[in-house]
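[1] Return atomic coordinates for the entry below.
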Amino acid sequence: MNDNQFFKPTVLYKEYMILDILEKNPKTTQREISKTIGIAVSMVNDYLDQYEKDKLIRREKHSTKTVEYFVTKKGIEKRKLLNIWYLEASYHIYHSAKDDILVFLNQIIEKGFKEILFYGAGEVAEIILDVINDDHRLPLKVLAVIDDDVNKKGEFIVNLPIIQKEDINQYKHDGILVSSYTHHVKIKEKLENINYPMNQVLEFFK
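    The predicted structure follows:
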């Protein structure tokens, strides 16, 4: 998931984003800010008026259509503070998600799975692999990641080779973890069609 689509555009988040955008490019228009954050242009104008009153920004009007917005020293300090708050909130969300993944991984370890393959070389696989790599105490080894996209064959994800389902038997493994949310039903069907033992198919999403 990209572009912070998961987070609601709260007042503090919008303030952080607007200051960050203007600090990077003073020539950014209100319409461009509106499109980036996903709020009305009129609301952007209201925020900019308030930030100017609070001395977080200053404007330079070159014409009726051309305006530059410069973030003041006070604005830069506020943006840095908001960034810290944002990172703190993101940190708590990440660790909550990480805890869910660790509970699931420990459950499959308790069932006797030690060496597995992933099926689905996308964001879900990358996140779960990062959790596994961060916790070296987990007695679980991922050997490779299966994906149906032939263009991905021979590439790597988190230092693991991406293979095709025809290569499954080349790896001695205990089971396959379906590491895709969007295609998890289709992946199960594909494994069933090649007579893969369904009691060895592991699902994070059910």
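
[2] now the lengthiest helix in the chain: mean pLDDT?
    Longest helix in the chain, counting residues (DSSP state H): helix 73-110. The predicted model assigns helix 73-110 a mean pLDDT of 89.

[3] do stretch 162-182 as well
    95.

[4] Return the set of buried residues in that stretch.
    162-163, 165, 168, 173-180 (16 or more other Cβ atoms under 10 Å). Heads up, the C-betas are built off the backbone N, CA and C, glycines and all.

[5] which stretch of helix or strand covers the residue of the chain positioned farthest from its centre?
    Using Cα atoms, centre = their mean, the residue of the chain lying farthest from its centre is Ser63. It sits 40.5 Å away. In this structure, Ser63 sits in neither a helix nor a strand according to DSSP states H and E.

[6] residues touching it, list them.
    Under the criterion of Cβ atoms under 8 Å, 6 or more residues apart in numbering, Ser63 has no neighbours.

[7] next one: Glu155
    121, 161-162.

[8] So for it, what's the pLDDT?
    Looking at Glu155, the pLDDT reads 95.

[9] how close does it get to Ile162?
    From Glu155 across to Ile162, the span is 5 Å (Cβ to Cβ, to the nearest Å).

[10] Identify the contacts common to the two.
    By Cβ under 8 Å, 6+ apart, the residues touching both Glu155 and Ile162 are Ala121.

[11] Let me see the domain layout of this protein.
    With domains defined by automatic domain parsing, the chain comprises 11-91, 111-203.

[12] could those be laid out in TSV, adding distance to Phe104?
    Shown next, in TSV, are the domains of the chain (distance: least, Cβ to Cβ, whole Å):
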stretch	distance to Phe104
domain 11-91	21
domain 111-203	9
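
[13] Check the secondary structure at Pro161 for me.
    Assigned state for Pro161: strand (three-state reduction, DSSP: H, G, I helix; E, B strand; the rest coil).

[14] cool, and the one 5 residues further on?
    Look at Glu166: counting by three-state DSSP, its state is helix.

[15] what's the next secondary structure element after the helix or strand hosting Leu191?
    Following DSSP H and E, the helix or strand that holds Leu191 is helix 184-193. Downstream of helix 184-193, the first helix or strand assigned by DSSP H and E is strand 201-203.

[16] Buried residues, whichever strand or helix holds Ile127. List them.
    Taking DSSP H and E as the criterion, Ile127 maps to helix 123-134. Going by neighbour count (16+ other Cβ under 10 Å), the buried part of helix 123-134 is 124-125, 127-129, 131-132.

[17] what does stretch 35-53 give?
    Buried-residue list, stretch 35-53, by 16+ other Cβ under 10 Å: 37, 39, 44, 47-48, 51.

[18] and of these, the nearest to Leu191?
    Ile37 (42.1 Å; Cβ to Cβ).

[19] how many other residues sit next to the closest residue to the closest one other than its chain neighbours?
    Among residues not flanking Ile37 along the chain, Met17 sits closest, at 5.3 Å (Cβ to Cβ, 6 or more residues apart in numbering). Neighbours of Met17 under the rule other Cβ atoms under 10 Å: 21.

[20] isn't Met17 right up against Gly38?
    No - using Cβ atoms under 8 Å, Met17 is not in contact with Gly38; the gap is 9.8 Å.
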